[in-house]
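Colleague: missing the sequence, but the structure's below:
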């Protein structure tokens, strides 16, 4: 492995970046099938690059891929089998069994060599991309970052495969990507944030390591202060991937003042930030009762109500805000009481909206949320007639 300098937050850190992946390929021949960790990814790539064709008539021979040595051993086995059929002697049968074992071993050795070569190629591509991102170009303004952008795209190709995500992590990739968040180039910051989100989503081991690197606070600051809108959106995506369904990530998010950052994102006027922050707020509040008092106390009910009453609010944002309000109101009585405050005018807002969207297929979910809200109201509600 080769140590590569990584500049981040005013310091130089040595990051070990190996040139070959620690992958181990396990190949088993089971009734002619090949099983190995990256079977789906390799098959997909092979199909895209090489194409497919039917071979061997109605029989699935597979011999088209054998090397000359393997083909020679197979022919010897066939001759031994023919000899046994003709002579039916003990000696010819033993010779046939020996050739059969030899063919099995040769096929397995050949396939292992081929598959190891395929996967090693991916590993080298990953290592090359990570090394490129540690270049000083990543951290210097005014430089051509075409190679770094290409490196991020290469890594993105493998991010959705959990096996490759683990490989990127094991090769020191998480340290490299965290460093990229400090780049003066918005395309690198944005690409790194998006890639981190993809790598840690539904990946508990990845979430665990990324949290030890202080990712939550870095993304919160990026969400709040980055000058590029797209970087802020991607940082919120990465935060969501770290905090949702991850107790430690959720804890760090809350302890770092995450709800305050979400509130500012919700007030930003940037639709994607409003939608993503509302979604994350709703997800955390719905799954953890302990945060609901804090959420109400910070004025989230008022903020959601304000968004719903703004004429410029898009349909997508409106649906997410409605969903968040109804989920809070249906799961916590104090949230419902807050929604019924006359000055917020939420009942009237929902009633008018319901008249507008009722029966229209594209608004079905929003209509269901509003209908659910009205079911929550007490029977002696003084404003019953507005429904």
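Modeller: Looks like it arrived, so ask away. This is a predicted model, so every value here is computed, not measured. Numbering: from 1, shown residues only.

Colleague: just checking, residue 144 is part of a helix?
Modeller: No: using DSSP: H, G, I helix; E, B strand; the rest coil, the assignment for residue 144 is coil, not a helix.

Colleague: was I right to think it contacts residue 137?
Modeller: Yes: between residue 144 and residue 137 there is a contact at 7.4 Å, judged by C-beta atoms under 8 Å. (Each C-beta comes from the backbone N, C-alpha and C, glycine too.)

Colleague: these two: who's more crowded?
Modeller: Ranked by neighbour count (other C-beta atoms under 10 Å), residue 144 and residue 137 place residue 137 first, with 18 against 8.

Colleague: what residues are up against that one?
Modeller: Residues near residue 137 by C-beta atoms under 8 Å, 6 or more residues apart in numbering: 143, 144, 145, 147, 148.

Colleague: let's see it at 6 Å
Modeller: With contact taken as C-beta atoms under 6 Å, 6 or more residues apart in numbering, residue 137 is in contact with residue 143.

Colleague: could you do the one 10 residues further on as well?
Modeller: For residue 147, the residues meeting the contact criterion (C-beta under 6 Å, 6+ apart) are residue 132.

Colleague: state the distance from it to residue 167.
Modeller: 21 Å (C-beta to C-beta, to the nearest Å).

Colleague: same question, residue 80
Modeller: Distance of residue 80 to residue 167, given as C-beta to C-beta: 43 Å.

Colleague: can you tell me what sits against stretch 227-242?
Modeller: 186, 189-190, 193-194, 196-197, 200-201, 207, 219, 222-223, 226, 249, 270, 272, 276, 280.

Colleague: just the buried positions in that stretch, please.
Modeller: In terms of neighbour count (16 or more other C-beta atoms under 10 Å), stretch 227-242 has its buried residues at 230-242.

Colleague: how much space is there between residue 377 and residue 277?
Modeller: Residue 377 sits at a distance of 27 Å from residue 277 (criterion: C-beta to C-beta).

Colleague: have a look at these two and say which one is more surrounded.
Modeller: The residue with more neighbours, out of residue 377 and residue 277, is residue 277; 28 against 16, by other C-beta under 10 Å.

Colleague: the more buried one: what secondary structure?
Modeller: Under three-state DSSP, residue 277 falls in the helix class.

Colleague: which residues does it contact?
Modeller: Taking C-beta under 6 Å, 6+ apart, one finds 262, 265, 266 in contact with residue 277.

Colleague: among those, which lie within helices?
Modeller: Among those, the members falling in helices (DSSP state H) are 262, 265, 266.

Colleague: and the second one, how many neighbours?
Modeller: The reference is to residue 265. By other C-beta under 10 Å, 26 other residues sit near residue 265.

Colleague: that one touches residue 273, doesn't it?
Modeller: Yes: the pair residue 265 / residue 273 is scored as a contact, 4.4 Å apart, by C-beta atoms under 6 Å.

Colleague: hang on, the earlier thing: narrow the contacts of stretch 227-242 to those that are buried.
Modeller: Buried members of those, scored by 16+ other C-beta under 10 Å, are 189-190, 193-194, 196-197, 200-201, 207, 219, 222-223, 226, 249, 270, 272, 276, 280.

Colleague: so what pLDDT did residue 80 get?
Modeller: On the pLDDT scale, residue 80 is placed at 85.

Colleague: okay, now the domains of the protein?
Modeller: Domain segmentation of the chain under automatic domain parsing yields 1-35+123-256, 263-387.

Colleague: select from these the stretch with the lowest mean pLDDT.
Modeller: domain 1-35+123-256 (a mean of 82).

Colleague: how far off centre is that domain?
Modeller: Using C-alpha atoms, centre = their mean, to the nearest Å, the mean C-alpha position of domain 1-35+123-256 is found 11 Å from that of the whole chain.

Colleague: check stretch 270-283 too.
Modeller: Relative to its parent chain, stretch 270-283 has a centroid offset of 18 Å by C-alpha atoms, centre = their mean.

Colleague: likewise for stretch 358-367?
Modeller: For stretch 358-367 - counting by C-alpha atoms, centre = their mean - the centre lies 30 Å from the chain centre.

Colleague: just give me how far the longest helix along the chain sits from the chain centre.
Modeller: As assigned by DSSP H, the longest helix anywhere in the chain is helix 90-133. From the chain centre to the centre of helix 90-133 is a distance of 31 Å (C-alpha atoms, centre = their mean).
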